[in-house]
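**Q** how would this look folded up:
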Amino acid sequence: MATEDTTPQRTFIVPEGAYKELLYIVELHKQHGAPNRFETVDDLLDFILLSVADGSRRPGAWERGMLEQMGLIAECPAHHVYRSSYGKPSEDKSDA
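**A** Residues are numbered from 1 along each chain as shown. Predicted coordinates:
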C-alpha cells in the first residue's frame, strides 16, 4: 500500500538565468545521459536542495565541501556536529 507524502510543499521563484541553465542540464541529461540523470527541473532542484541540507547536517559528507566553498557554514560549534535528521536539533540531545 502506498504511503501519502506529507512533505510540506513550498513555492520558490527561480531566477530566469538559473532556470534556463537547469533546463539545459536536464536537456543534456536526456540527450547524452549522466551518472545521476534527471528528467525534470523539479527533480534536479529536489536533488540540489537535499544535497545542501545533507551538507549542512553531516560535516563529513561530500556535500559539505560545496557548502564550505559557498560560505554557508555558520561560524559556531553547532554547525560542526553531525545530526541524523533534518532541521534544528531537539533539546533532549537524542538526535546526535
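**Q** what mean pLDDT does stretch 42-49 get?
**A** Averaging pLDDT along stretch 42-49 yields 95.
**Q** what are the buried residues along stretch 70-89?
**A** Residues of stretch 70-89 classed as buried: residue 83 (neighbour count, 16 or more other CB atoms under 10 Å). Where you see a C-beta, it was placed from the backbone N, CA and C, and this is true even at glycine.
**Q** quick one: that stretch to chain centroid distance?
**A** Offset of stretch 70-89 from its chain centre (CA atoms, centre = their mean, to the nearest Å): 14 Å.
**Q** cool, and stretch 32-43?
**A** On CA atoms, centre = their mean, the centre of stretch 32-43 falls 15 Å from the chain's centre.
**Q** give the burial count for residue 8, as a bare number.
**A** 4 (other CB atoms under 10 Å).
**Q** quickly note the distance from it to residue 86.
**A** 12 Å (CB to CB, to the nearest Å).
**Q** which stretches of the protein have low pLDDT?
**A** 1-5, 91-96 (pLDDT under 70).
**Q** in it, which spans are helices?
**A** 16-32, 41-57, 62-69 (DSSP state H).
**Q** by how many degrees do the second one and helix 62-69 diverge?
**A** Just to be clear, that refers to helix 41-57. 80 degrees (axes from the mean of the first three to the mean of the last three CA atoms, to 10 degrees).
**Q** tell me which strands and helices helix 41-57 is in contact with?
**A** On a contact count with 3 or more CB pairs under 8 Å, 6 or more residues apart in numbering; DSSP states H and E, helix 41-57 meets helix 16-32, helix 62-69.
**Q** can those go into JSON lines with extra columns for mean neighbour count and distance to residue 52?
**A** Output for the helices and strands packed on helix 41-57, formatted as JSON lines (neighbours: other CB atoms under 10 Å; distance: least, CB to CB, whole Å):
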{"stretch": "helix 16-32", "mean neighbour count": "12", "distance to residue 52": "14"}
{"stretch": "helix 62-69", "mean neighbour count": "14", "distance to residue 52": "7"}
